[in-house]
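# next come a sequence and a model predicted from it.
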Amino acid sequence: MYEWVKAIHLMAVVTWFAALFYLPRLYVYHAMARDKGDEQAITYFKTMERKLYRGIMTPSMILVLIFGGWMLYLVPAWFSQGWMHAKLTLVALLIAYHHICLIYLKQFDQSRCTKSHVFFRWFNEAPVIALVAIILLAVVKPF
């Protein structure tokens, strides 16, 4: 059972991270279109952002949490290991990042976002750092 749960968890992780990487990249292009006054592109980005967030990103996050929690239920000894505490802290930060993306999605949708495309280029780097750290923690289990 554990191997099946792990496989589904990993598929959900890959999907969630793909969306976490792509949505802020859409924000970069949306901000650039906003600065150019390209209303057609702005409408297109609003639709893409909404569909990505609601149709892929959020369901993926939910599956990550369900199947990750299921793995912890199957192997409760991990709760006593430091690497798991660090990993769960990073997951909590990713959940916060996910919800910050929603704030920007709503701001863009209401044409209230004033952040620059440069800001979103940097904002897009946070999940990369989290991914590297989480994989190292889960595979190497350094402490």
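Perfect, I can see it now. Keep in mind it's a predicted model, so treat the numbers as computed, not measured.

# and Lys115, helix, strand or coil?
Assigned by DSSP: H, G, I helix; E, B strand; the rest coil, the conformation of Lys115 is coil.

# spit out the contact partners of it.
Under the criterion of Cβ atoms under 8 Å, 6 or more residues apart in numbering, the neighbours of Lys115 are 27, 31, 104, 123. All C-beta atoms are positioned from the backbone trio N, CA, C, and that covers glycine.

# skip the chain neighbours and tell me the closest residue to the spatially most central residue of the chain.
In the chain, the residue lying closest to the centroid (Cα atoms, centre = their mean) is Leu20, at 3.4 Å. Distances taken as Cβ to Cβ, 6 or more residues apart in numbering put Pro127 closest to Leu20, at 4.2 Å, once the chain neighbours are dropped.

# where's the one you found relative to Leu93, distance?
From Pro127 across to Leu93, the span is 10 Å (Cβ to Cβ, to the nearest Å).

# just His30 next, same as before
24 Å.
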